[in-house]
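Colleague: Provide a 3D model corresponding to the input given below.
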Amino acid sequence: MTNTAGVAGIQNALWGVRAYERTSSAWADLPPLPTPMTAGGSNAINTQARQGSDVLSVRTGQLLPTTLSSPVFAGDNSINLTSNPECAIQQNSDLVLTGCAITAHLLRVSNTPACQPDTAENAHTVTLDTPQNSVTTFNVGYALNSQLLLFNDVFWYVADTGRQRNQQAVYALYRQSGGRSAEMIEGVEAFQIKLEHRVEGTNNQRQVNPSDPELNSAGNYEAVTVVHFALLLQSFERVLDTQDTRTYSLLDTAVPPSSGGSVGHGGGQVLREVFSAAVTLRNAAPLTSGAS
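Modeller: Numbering: from 1, shown residues only. Model prediction:
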């Protein structure tokens, strides 16, 4: 139902994961950077993310501890709720309403919901209007036991904290959600991603870079089943007898020592280690050979 550029819905695919590559000062052409990555001026992810380090986007729904105060009927253009916990629902919030049947609506809030964070029972109404939504009425009904989720783009990226420890620049892994970034893990110098997707109509899997042209065509991003990632972590205590001049391999990307802020690690007499993992997406559609 949402009708806003850069947001999943009528104009954009409802993907679960995307990844973006920055080899130097320029970003790869594919996939195009979404609006949340470019918003915020000098604080935007496309400005803050470290050169040579990838960005992972995960679209997710956060279950809200609120319930419907009355059923939603086909033809309604609003949702009546018992509360707005911690004022999580605001104007232009993206919500997912889903019931016991295999039905869900992704919508954007057009009104300003009541928000009293100190009041436990904060009954209010969420309304749908244009141009935030391309469709402003529900075509199916939802019972009182339906669930409401806050739909978010969550981004993971590496950036310079601006701090130094033992003459080492401190980089960290950041998480951004709802336009707000938070430092999660200190000492992360690089982040690399590869995505594995099914080849349509076959039993084959391809493991490729996020900017791979085939991955970015024919809806293949929606066929991603595995996310491979690697992180380069460092300590800050001087424990080595000599400078660290090794080149580390993150998937198929070489991270050599570097004296600047571009691709590379900070050298010094500190310990470094590469950590990698592969995460299978449990909700990826099952493979059906020969399916149309």
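Colleague: low-confidence bits of the protein, can you list those?
Modeller: 4-14, 117-121, 259-262, 283-292 (pLDDT under 70).
Colleague: what about the longest strand in this structure?
Modeller: Determined from DSSP state E, the single longest strand within the chain is strand 147-165.
Colleague: which stretches in the stretch 1-150 of the chain count as strands?
Modeller: Per DSSP state E, counting those that start in this stretch, the stretch 1-150 of the chain carries strands over the ranges 17-20, 55-63, 78-81, 94-98, 104-108, 124-127, 147-165.
Colleague: between the ones you listed, which one is closest to Lys194.
Modeller: strand 17-20 (8.3 Å; C-beta to C-beta). Backbone N, C-alpha and C define where each C-beta goes, glycine included.
Colleague: parallel or antiparallel, list what pairs with that closest one.
Modeller: Using DSSP bridges, the strands paired with strand 17-20 in its sheet are strand 55-63 (antiparallel).
Colleague: most tightly surrounded among the strands of the stretch 1-150 of the chain?
Modeller: Compared across the strands of the stretch 1-150 of the chain, strand 17-20 shows the largest average neighbour count, a mean of 23 (mean count of other C-beta atoms under 10 Å).
Colleague: chain center to it: distance?
Modeller: Remark: strand 17-20 is offset 8 Å from the chain centroid, using C-alpha atoms, centre = their mean, to the nearest Å.
Colleague: what's next to that strand, contact-wise?
Modeller: Strand 17-20 has contacts (C-beta atoms under 8 Å, 6 or more residues apart in numbering) with 27-28, 31, 33-34, 37, 54-59, 193, 195, 210-211, 221, 224, 227, 281.
Colleague: mind checking which of those residues are buried?
Modeller: The neighbour-count test (16 or more other C-beta atoms under 10 Å) marks 27-28, 31, 33-34, 37, 54-59, 193, 195, 210-211, 221, 224, 227 as buried among those.
Colleague: quick one on the thing from earlier: pipe the strands of the stretch 1-150 of the chain into JSON lines and attach distance to Leu251 per row.
Modeller: JSON lines is the format used below for the strands of the stretch 1-150 of the chain (distance: least, C-beta to C-beta, whole Å):
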{"stretch": "strand 17-20", "distance to Leu251": "12"}
{"stretch": "strand 55-63", "distance to Leu251": "13"}
{"stretch": "strand 78-81", "distance to Leu251": "44"}
{"stretch": "strand 94-98", "distance to Leu251": "32"}
{"stretch": "strand 104-108", "distance to Leu251": "33"}
{"stretch": "strand 124-127", "distance to Leu251": "43"}
{"stretch": "strand 147-165", "distance to Leu251": "15"}
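Colleague: which phi and psi does Glu222 have?
Modeller: phi -70, psi -10 (degrees, to the nearest 10).
Colleague: quick one: closest of the strands of the stretch 1-150 of the chain to Thr137.
Modeller: strand 78-81 (9.5 Å).
Colleague: tell me which other helices or strands that closest one touches.
Modeller: Under the contact criterion of 3 or more C-beta pairs under 8 Å, 6 or more residues apart in numbering; DSSP states H and E, strand 78-81 touches strand 124-127.
Colleague: the strand it packs on pairs with which strands?
Modeller: strand 78-81 (antiparallel).
Colleague: can you map out the helices along the chain?
Modeller: Taking DSSP state H as the criterion, the chain carries its helices at 35-38, 45-48.
Colleague: now for these, which one comes closest to Ser110?
Modeller: When these are compared (using C-beta to C-beta), the closest one is helix 35-38, at 18.3 Å.
Colleague: send me that closest one as PDB with only the CA atoms.
Modeller: Taking C-alpha atoms only, helix 35-38 is exported to PDB below (Å, rounded to 0.1, in the frame of the first residue of the first chain):
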ATOM      1  CA  THR A  35      17.000   6.800   0.300                       C
ATOM      2  CA  PRO A  36      17.800   5.900   4.000                       C
ATOM      3  CA  MET A  37      21.500   5.500   3.000                       C
ATOM      4  CA  THR A  38      21.700   9.000   1.500                       C
END
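Colleague: done for today, thanks.
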